[in-house]
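Asks: A structural model of the following input is requested.
(4 chains)
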Number of protein chains: 2
Amino acid sequence: MSDAEIDRIFRALADRTRRDIVRRTLGGEASVSALADEYDMSFAAVQKHVAVLKEAGLVTKHPRGRERIVRADPDQIARARGLLAQLEGLWRARFDQLDHVLSDPITPE
Amino acid sequence: MSDAEIDRIFRALADRTRRDIVRRTLGGEASVSALADEYDMSFAAVQKHVAVLKEAGLVTKHPRGRERIVRADPDQIARARGLLAQLEGLWRARFDQLDHVLSDPITPE
DNA sequence: GTTATATACAACCAAATGGTTGTACATTCT
DNA sequence: AGAATGTACAACCATTTGGTTGTATATAAC
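Replies: Model (predicted):
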């Protein structure tokens, strides 16, 4: 997984509207216009948010008639979660390495 | 946890350099100048990256002599991970609700 | 005390972001 | 066929982002 790809995932998640789109399309698919109805902004703005999510792989778009159906991809979210878990793992590894020498939370400086 | 706060956390993580700073300061604290030595950019640029991480609560800064010691906060990372886990939970809830009626992955359209 | 190091902070700049409106095209409905 | 709906996409605009340089200040080293 490239750095650019990770950038895209986290940047896509760094917007309230986009997180909400993910929530809605995880709970059940929706057309772009159905999504647009939910927010106080233009259709084009919502269209752009969906595009950002799609670029990040967090969402897929399938044509159905004249509509475009948006569906969230739980796997990509799981991947993002995995990245954070990895970071936390580093922290744990640090203390494992120190073998709890500094286990007291009040570290003398 | 406010939307603005969540925005800050994910935006802070949406940059390769900042993710690397988190990694390094999880594995062991570092001064801002020590961090700056690691990257091909100015001290001021690194200083700004640290500030973004601090605003997001991913990192703390403590003065030690003339230095400022940067330390990552694993709890805040865990919180971010929790948010993603929550999203995934919605997806699972969806299928729990449907009681596996659509359990076949190839959904006919 | 002077010099070197570490930081803070302002001003500036190019590029990206998040929004808008307008136009064009495809599909569906009547 | 004609009208309405859903989407695509371009052009534009204000603000934010990620970088720079320059200047000032605090601490440390000699």
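Asks: longest single helix anywhere in chain A?
Replies: helix A:74-98 (DSSP state H).
Asks: and that helix with helix B:74-98, angle?
Replies: Angle, helix A:74-98 to helix B:74-98, by axes from the mean of the first three to the mean of the last three Cα atoms, to 10 degrees: 140 degrees.
Asks: so what's the residue in chain A positioned nearest to DNA strand C up against?
Replies: Going by Cβ to the nearest atom of the strand, DNA strand C is nearest to residue A:65 of chain A, at 2.5 Å. Any C-beta I mention is one placed from the backbone N, CA and C, and that applies to glycine too. Listed by Cβ atoms under 8 Å, 6 or more residues apart in numbering or on different chains, residue A:65 has no contact partners.
Asks: and it, what pLDDT?
Replies: Reading off the confidence values, residue A:65 has pLDDT 94.
Asks: again with residue A:92
Replies: Value listed for residue A:92 in the pLDDT field: 76.
Asks: wait, what's in contact with it?
Replies: With Cβ under 8 Å, 6+ apart, residue A:92 has no contacts at all.
Asks: cool, and residue A:6?
Replies: So residue A:6 contacts A:83, B:16, B:19 (Cβ under 8 Å, 6+ apart).
Asks: Identify each of the strands in chain A and give its residue range.
Replies: A:30-31, A:59-64, A:67-72 (DSSP state E).
Asks: Next, see if the last one gets close to DNA strand D.
Replies: Okay, so that is strand A:67-72. Yes - Strand A:67-72 reaches DNA strand D (Cβ under 7 Å from any atom of the strand) through A:67, A:68.
Asks: tell me, how many neighbours does the residue of chain A found nearest DNA strand D end up with?
Replies: Closest approach between chain A and DNA strand D, counting by Cβ to the nearest atom of the strand: residue A:33, at 2.7 Å. When neighbours are counted by other Cβ atoms under 10 Å in any protein chain shown, residue A:33 registers 13.
Asks: For it, give me its contacts.
Replies: Residues in contact with residue A:33 (Cβ under 8 Å, 6+ apart) are A:43, A:67.
Asks: Try it again at 6 Å.
Replies: Counting by Cβ atoms under 6 Å, 6 or more residues apart in numbering or on different chains, residue A:33 makes contact with nothing.
Asks: re the thing from before, adding mean neighbour count as columns, could you present the strands of chain A in a markdown table?
Replies: Compiled in a markdown table, these are given as follows (neighbours: other Cβ atoms under 10 Å in any protein chain shown):
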| stretch | mean neighbour count |
| --- | --- |
| strand A:30-31 | 18 |
| strand A:59-64 | 14 |
| strand A:67-72 | 18 |
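Asks: Perfect, that will be all.
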